[in-house]
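Undergrad: would you be able to build a 3D model of this:
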Amino acid sequence: MLVVGSLMWQFNSNIKLQSNSFDLPKEEINKSQIFYQIEIKNITQKDNILTAKTQYYNILNNKGTLNWYSSLSYNTNVTPKFFIDNNGVPSKNIKYKGKIYFLNNNKNQARINHFSPNKIIVEVNASEKDLLILNMNYNKNWKSNLITIGQYNGLLSLNINKMGQYNVVIKYLPFSFFIGLIISFISITLGIYLYWLT
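TA: Model (predicted):
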């Protein structure tokens with residue numbers, strides 16, 4: 001009983017202390033309906049606080065930060081929609097063509113109907129053969145039900161050969177997922193068998 005009372009006193013003390021610790025007003029969130037990427041220009045090592053703050057704010061607003069603050073290094077080929085300077089002022093990127101676009105033919109149309117981390121459904125209306133570019137990094141683990149997937153300048157691309165209006169389903173299926181699934185199945189089966197033996 002003494003332990004419970006001590007924990008309750010600490011819990012109460014922490015609530016009072018923390019309620020006065022964060023006195024900054026909450027920033028207004030204007031969540032974008034369409035996800036897009038931004039890039040912060042001219043970042044130096046001392047600007048990591050700005051990057052981390054902007055990164056969190058962007059996540060809340062349904063925006064991605066290409067040069068996010070992390071100890072991991074990676075290369076990205078994604079074209080950002082906006083550049084943000086050190087003062088937080090955005091400027092439009094004139095090279096941005098959209099989240100999805102055709103490389104050569106403006107008569108062809110496409111739009112993303114569903115987007116999740118491992119599944120994308122694209123509605124295509126094509127009148128000519130063309131290359132459909134998704135403004136996201138290429139990875140060999142993306143698979144499609146109808147279309148050949150490749151890369152164009154490091155971005156995910158779909159080789160559109162079929163004319164007409166149809167949906168293309170793209171799924172992210174890494175080989176390691178299947179290995180993990182097989183190992184899990186074998187482990188569970190072996191565990192049940194060993195339990196049954198005893």
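Undergrad: max-length helix in this protein?
TA: The longest helix of the chain (DSSP state H) is helix 175-197.
Undergrad: buried set for that one?
TA: For helix 175-197, the neighbour count (16 or more other CB atoms under 10 Å) marks no residue as buried. (Each C-beta comes from the backbone N, C-alpha and C, glycine too.)
Undergrad: neighbouring contacts of it?
TA: Helix 175-197 has contacts (CB atoms under 8 Å, 6 or more residues apart in numbering) with Asn141.
Undergrad: chain center to it: distance?
TA: 31 Å (CA atoms, centre = their mean, to the nearest Å).
Undergrad: go on, stretch 92-103?
TA: Per CA atoms, centre = their mean, the centroid offset for stretch 92-103 relative to its chain is 18 Å.
Undergrad: go on, stretch 33-40?
TA: 10 Å.
Undergrad: tell me the centre residue of the chain?
TA: Pro117 (6.3 Å; CA atoms, centre = their mean).
Undergrad: domain assignment for this protein?
TA: The domain map for the chain lists 32-96, 100-174, with the assignment taken from automatic domain parsing.
Undergrad: could you tell me the least trusted of those?
TA: Mean pLDDT is lowest for domain 32-96 among the domains of the chain, at a mean of 75.
Undergrad: what's around Tyr101, how many residues?
TA: 17 (other CB atoms under 10 Å).
Undergrad: list the contacts for Val168?
TA: Ile121, Val122, Val124, Ser144, Asn145, Leu146, Ile147, Leu158.
Undergrad: could you rerun that using 7 Å?
TA: Val122, Val124, Ser144, Leu146, Ile147, Leu158 (CB atoms under 7 Å, 6 or more residues apart in numbering).
Undergrad: give me the number of residues near the last one?
TA: Using other CB under 10 Å, Leu158 has 25 other residues around it.
Undergrad: element containing it?
TA: strand 155-160 (DSSP states H and E).
Undergrad: helices or strands up against that strand?
TA: Secondary-structure packing of strand 155-160 (3 or more CB pairs under 7 Å, 6 or more residues apart in numbering; DSSP states H and E): strand 130-137, strand 148-152.
Undergrad: state whether Ile170 is indeed within a helix.
TA: No. Read with DSSP: H, G, I helix; E, B strand; the rest coil, Ile170 is strand and lies in no helix.
Undergrad: surely it touches Trp142?
TA: Yes. Counting by CB atoms under 7 Å, Ile170 does reach Trp142; the two are 5.6 Å apart.
Undergrad: dump the helices and strands packed on strand 155-160 to JSON lines, plus distance to Asn93.
TA: Formatted as JSON lines, the entries for the helices and strands packed on strand 155-160 read as follows, by distance: least, CB to CB, whole Å:
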{"stretch": "strand 130-137", "distance to Asn93": "11"}
{"stretch": "strand 148-152", "distance to Asn93": "18"}
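Undergrad: can you list those in a markdown table and add mean neighbour count and distance to Gln109?
TA: Shown next, in a markdown table, are the helices and strands packed on strand 155-160 (neighbours: other CB atoms under 10 Å; distance: least, CB to CB, whole Å):
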| stretch | mean neighbour count | distance to Gln109 |
| --- | --- | --- |
| strand 130-137 | 20 | 10 |
| strand 148-152 | 15 | 18 |
